[in-house]
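Asks: Here is my input, please return the structure:
(chains A and B)
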Amino acid sequence: MMKKIFTRPKALTDAAFHYCPGCTHGIIHRLVAEVIDELGAADNTVGVCPVGCAVFAYNYFNVDMFQASHGRAPAVATGIKRALPDRLVFTYQGDGDLASIGTAEIVHAAARGEKFTTIFVNNAVYGMTGGQMAPTTLLGQKTTTTPKGRDKDNNGYPVKVAEMLSTLDGAAYVARVSVHNPTHVNKAKKVIKKAFEVQIKGLGFALVEVLSSCPTNWGMAPNEALKWLEDNMIPFYPLGVYKEPAEVK
Amino acid sequence: MSKILMKGNEAIGEGAIRAGCRYFFGYPITPQSELPHYLAKRMPEVGGVFLQAESEVSAINMVYGAAGAGMRVMTSSSSPGLSLMQEGISYLVGAELPCVIVNIMRGGPGLGNIAPAQGDYFQSTKGGGHGDYKLITLAPESVQEIIDLMAKAFDLADQYRNPVMLLGDGILGQMMEPVELGEIKEVKQADKPWAASGMKGRSNSNIINSLYINPEDCEKLNEKLFAKYAEITDKEQIWEEYQLDGAEIVLVAYGTAARICKSAVDKARAKGIKAGLIRPVTLWPFPAKVIAKIAQSVNCLLTVEMSMGQMVEDVRLAANGVCPVHFYGRSGGMVPEVAEVLAKIEELTAGGDRE
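Replies: Predicted structure coming up:
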């Protein structure tokens, strides 16, 4: 009889992910699910998924789920958490959803100190709609709507969400992590767990920005995409904990 | 029970609380502001939540969250704010979530003004947002009727798992009238086994969702919604009949316009003109049954609205050519005067014969 040392988290269903080969959404889903398992909270959790590549996340998380309209997950989560303050509530949003159409909702949820956790997946591109420029697309980065590369004079500058939200008093915990190699995957999990613990302790709003790769829309092999993330995204989007309450340090 | 003086907007708030609503999300806009002012004080007294959202877009999505979590929840706004909520309302319908949405209409289009109007009839009764759907739409004419209808609004929303619109105008929201609140009763709320509120021992997760990626499945959702709408159309038409005895001309008007029409009907009767009024209380389902019936016996119908003519289309559909359907309206925040409506009645009855 062999000992089972690795298994699917209980907070994930057995549905196969629809994500493209090399996409890191699957890793991030797994980390969130492992954290929910470790907190023993699957029975008490309500998640909100976005419009974007993660729109079907309700098929993958084995917890009660909402599908929100584009950008509005923080407003939906506000309604849920205000109605059910003792539940663990999280939103899972991409960069178009959170940092473009949903800026009002995320800023004001953070400013109010809403006691839920946001997992913000930043892959610097719109995935599902066909590789268009995202608010987080890097200067010079080619997308289907910036065929010659993002130009600051025409398209403006990328939005640094973790830095911006960490200026708000209601945001208790803000951090940026990456999942481009196993070391960083392990670090990311610890940070995600802390973001849920901040919620459980009722300390305020918590957000983890996760740098993620999109081989399909970046036009790269998965391993090249991870290297590109490390070489280009991390210098512009520095990793680290931007804000951390003393209670969880 | 003694009567107290209350503004229409405040009555909506008190009526909601008495109906068991404990969650309100909204954004300031005139002329409905007394409602959030009232609930900002009242909700904490009953252990409820009052939250001022950052926009109407956020407010309706907070409603989506609380409704999906199984709670009785309400939002309110006025015309431009309702336009901003339409996407969220479409999602609420698609996910079959019950809630109550209040629109205290003002002059439009665009920024318009803050004067009373009825220009959002189409938006309220024909869908409003994207996709095939209907909102149950209730149109009270007095502060007392607001109190009487609020429990019905929440009950209908829960029963049919569909948003319910309470449609008024700036006059109804702003005016004070004596009302009898009645006893505070224990509210029996429907079980909501579909709510996504944490699995709590359930073996399958509940999902609040309006995404049906396969067109076959999305068509099934539409068919399910419209089976529900057929039942609502059959069972839930509400209207008031006023002075219909021997009526030769019958006015059709709702809300504030109906109050004006009652005065015009009284004055016409005093002059010997056999006028009457049908006042739809449900705008959707539109009370087509009574219109179809009355069309058989009158010389003509006259629809009066504080718009350029929206409900008149439903009156014409219901009358189905059996009698002429005329229209009189003022728009952009202008209110028809009794004398204007009376003059129209006299003009239409001058010949005496069926047109």
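Asks: low pLDDT regions in the stretch 251-355 of chain B?
Replies: The stretch 251-355 of chain B contains residues with pLDDT under 70 at B:351-355.
Asks: residues from chain B in reach of chain A?
Replies: B:23, B:25, B:49, B:51, B:53-55, B:57-59, B:61-71, B:73, B:87-88, B:91, B:95, B:196-201, B:205-211 (Cβ under 8 Å from any Cβ of the partner chain). For every residue, glycine as well, the C-beta is placed using N, CA and C.
Asks: can we see that at 7 Å?
Replies: B:23, B:25, B:49, B:51, B:54-55, B:57-58, B:61-66, B:68-69, B:71, B:87-88, B:91, B:196-201, B:205-211 (Cβ under 7 Å from any Cβ of the partner chain).
Asks: Just the buried subset of those, please.
Replies: B:23, B:25, B:49, B:51, B:54-55, B:57-58, B:61-66, B:68-69, B:71, B:87-88, B:91, B:196-199, B:205-211 (16 or more other Cβ atoms under 10 Å in any protein chain shown).
Asks: From those residues, which land in helices?
Replies: Counting by DSSP state H, those place B:57-58, B:61-66, B:68, B:87-88, B:91 in helices.
Asks: Kindly reformat these as JSON lines containing pLDDT.
Replies: Formatted as JSON lines, these follow (pLDDT from 0 to 100):
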{"residue": "B:57", "pLDDT": "98"}
{"residue": "B:58", "pLDDT": "98"}
{"residue": "B:61", "pLDDT": "98"}
{"residue": "B:62", "pLDDT": "98"}
{"residue": "B:63", "pLDDT": "98"}
{"residue": "B:64", "pLDDT": "98"}
{"residue": "B:65", "pLDDT": "98"}
{"residue": "B:66", "pLDDT": "98"}
{"residue": "B:68", "pLDDT": "98"}
{"residue": "B:87", "pLDDT": "98"}
{"residue": "B:88", "pLDDT": "98"}
{"residue": "B:91", "pLDDT": "98"}
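Asks: could these be laid out in CSV, adding distance to residue A:100?
Replies: As requested, these are exported to CSV (distance: Cβ to Cβ, whole Å):
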residue, distance to residue A:100
B:57, 14
B:58, 16
B:61, 16
B:62, 20
B:63, 23
B:64, 20
B:65, 21
B:66, 26
B:68, 24
B:87, 16
B:88, 18
B:91, 19
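Asks: out of those, who's nearest chain A?
Replies: Taking Cβ to the nearest Cβ as the measure, chain A sits nearest to residue B:65 out of those, at 2.4 Å.
Asks: Excluding sequence neighbours, find me the nearest residue to the closest one.
Replies: Take residue B:65 and drop its neighbours on the chain: the residue closest to it by Cβ to Cβ, 6 or more residues apart in numbering or on different chains is residue A:79, 2.4 Å away.
Asks: and the one you found, what does it touch?
Replies: For residue A:79, the residues meeting the contact criterion (Cβ atoms under 7 Å, 6 or more residues apart in numbering or on different chains) are B:25, B:61-66.
Asks: and it, what pLDDT?
Replies: Per-residue confidence (pLDDT) for residue A:79: 98.
Asks: What helix or strand is whichever residue of chain A sits closest to chain B located in?
Replies: Nearest residue of chain A to chain B: residue A:79, at 2.4 Å (Cβ to the nearest Cβ). Per DSSP states H and E, residue A:79 falls inside helix A:73-83.
Asks: For the next helix or strand after that helix, enumerate the helices and strands it packs against.
Replies: Next helix or strand after helix A:73-83 toward the C-terminus (DSSP H and E): strand A:88-94. Here strand A:88-94 touches strand A:45-49, helix A:73-83, strand A:117-122, helix A:182-200, going by 3 or more Cβ pairs under 7 Å, 6 or more residues apart in numbering or on different chains; DSSP states H and E.
Asks: Quick one: closest of those to residue B:43.
Replies: helix A:73-83 (11.0 Å; Cβ to Cβ).
Asks: Report the inter-axis angle for the closest one versus strand A:45-49.
Replies: Put simply, helix A:73-83 runs at 160 degrees to strand A:45-49, going by axes from the mean of the first three to the mean of the last three Cα atoms, to 10 degrees.
Asks: who's in contact with the helix or strand where residue A:162 lies?
Replies: With secondary structure defined by DSSP H and E, residue A:162 is part of helix A:161-165. Helix A:161-165 is contacted by residues A:98-99, A:110, A:120, A:171, A:174-176, A:207, A:209, A:242 when judged by Cβ under 7 Å, 6+ apart.
Asks: buried residues in that helix?
Replies: Buried positions in helix A:161-165, judged by neighbour count with 16+ other Cβ under 10 Å: A:161-162, A:164-165.
Asks: which one of those residues is nearest residue A:16?
Replies: Once Cβ to Cβ is applied, the member of the buried residues of helix A:161-165 that ends up nearest residue A:16 is residue A:161, at 30.1 Å.
Asks: In terms of secondary structure, what does whatever helix or strand comes next after the helix holding residue A:162 contact?
Replies: Next helix or strand after helix A:161-165 toward the C-terminus (DSSP H and E): strand A:171-178. Counting contacts by 3+ Cβ pairs under 7 Å, 6+ apart, strand A:171-178 packs against helix A:161-165, helix A:182-200, strand A:205-211, strand A:240-243.
Asks: Just the buried residues of the second one, please?
Replies: What that stands for is helix A:182-200. Quick answer for helix A:182-200 (16+ other Cβ under 10 Å): A:184-185, A:187-189, A:191-199.
Asks: ok, back up a step: compute the distance from the centre of the helix holding residue A:79 to the centre of its chain.
Replies: From the chain centre to the centre of helix A:73-83 is a distance of 17 Å (Cα atoms, centre = their mean, to the nearest Å).
Asks: contacting residues around the nearest residue to residue B:288 once chain neighbours are set aside?
Replies: Leaving out its chain neighbours, the residue that sits closest to residue B:288 by Cβ to Cβ, 6+ apart is residue B:318, at 3.8 Å. Taking Cβ under 7 Å, 6+ apart as the contact definition, residue B:318 lies against B:286, B:288, B:291-292.
Asks: Backbone dihedrals for residue B:318, please?
Replies: phi -70, psi -40 (degrees, to the nearest 10).
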